[in-house]
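Student: generate coordinates for the sequence data below:
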Amino acid sequence: MNNGYIGVVDSGVGGLDILNVLVKAFPNENFYYIGDNLNLPYGAKSKEQLEHYGITLAKYLKNNNTKMILIACNTLSLNAIHAMRMHVDIPIYGIVRPTIKGMLNDNDIKSILLIATRATINSHRYVDFLNELGPEINVYDVATPELVDYIEANKPELYNVTIKKYVDAYQDKVDGIILGCTHYPIIKDYFKKLYPHLKIFDAREQMKQLCFEKLKENNIVASANNKREIIIHATKSIIQLQNASAHFFNYQDTILKEGGISFE
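Tutor: Presented below is the predicted three-dimensional model:
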């Protein structure tokens, strides 16, 4: 048994959507969520910068009784996970492979549109994974940089026009869309209403299954009588994080923190 925290990291509010699922699925587990809104947006950062952010967050979590880290950010998973594992000796898992495996469970998908941040698209690794795990599937990939900013700012009036700007040209060429950024599932209903003929994939259920498997595999399941604690930590502004996420994340019974993590 291990009552340490499960760390969940993201650049801002996107990972709170994943945390929602995990909190409901694992009532005895402690969670420590970090939304790095000091360095937002990750999609515009270099690989070296992303590695630095990832290592800094992983070390901080390790030093604060964290037993496992889930990277609830596609950009960080693709660009920093290996560097994080080299510097921190606790289990660290990314979100990309679970997302792809969830999509591959659907045998009707022959062509897919991947939308993600610029850094995720430019890394080409998402497409490499798709080609490795599902080589028979045709993949289109498009960077959608404004969406993260609008979701962080909670500007729903801009969602439809921005989604259509990037997706309309592909809607008759693909069978589905991979939401390759954890911010995007927050507005999944907008995609569903705009493109009801397409299947929309994200990593919520796959990350829950990954967490279940890795807790057992590493023998770090919390005790059944553990009094659960949930910490939400913004690296810059907790108010900013709350304002962008209060419409989908319940902050009741959470411990709020901000700042205090040095990226120098």
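
Student: and Y126, which of the three is it?
Tutor: Following DSSP: H, G, I helix; E, B strand; the rest coil, we place Y126 in the helix state.

Student: Q240 now?
Tutor: The assignment at Q240 comes out as helix when based on three-state DSSP.

Student: how near is the residue nearest to D89 when sequence neighbours are not counted to K47?
Tutor: Using Cβ to Cβ, 6 or more residues apart in numbering and skipping the chain neighbours, the partner closest in space to D89 is K62 (7.7 Å). C-beta: built from backbone N, CA, C; applies to glycine. Separation of K62 from K47 (Cβ to Cβ, to the nearest Å): 22 Å.

Student: got it, and I115?
Tutor: 20 Å.

Student: per-residue confidence for Y53?
Tutor: Y53 carries a pLDDT value of 98.

Student: next structured bit after whichever strand or helix holds it?
Tutor: Y53 is located in helix 47-62, with elements delineated by DSSP states H and E. Per DSSP H and E, the first helix or strand lying C-terminal to helix 47-62 is strand 66-71.

Student: list the contacts for Y33?
Tutor: 7-10, 15-16, 19, 230-233 (Cβ atoms under 8 Å, 6 or more residues apart in numbering).

Student: once you drop chain neighbours, what's closest to the spatially most central residue of the chain?
Tutor: The chain has A72 as the residue nearest its centroid, 2.7 Å off, counting by Cα atoms, centre = their mean. Distances taken as Cβ to Cβ, 6+ apart put G15 closest to A72, at 3.2 Å, once the chain neighbours are dropped.

Student: buried sites along the helix or strand hosting that neighbour?
Tutor: Remark: G15 resides in helix 14-25, with elements defined by DSSP H and E. Neighbour-count burial for helix 14-25, counted by 16 or more other Cβ atoms under 10 Å, picks out 14-23.

Student: of the residues you listed, which is the nearest to A83?
Tutor: Taking Cβ to Cβ as the measure, A83 lies nearest G15 of those, at 18.9 Å.
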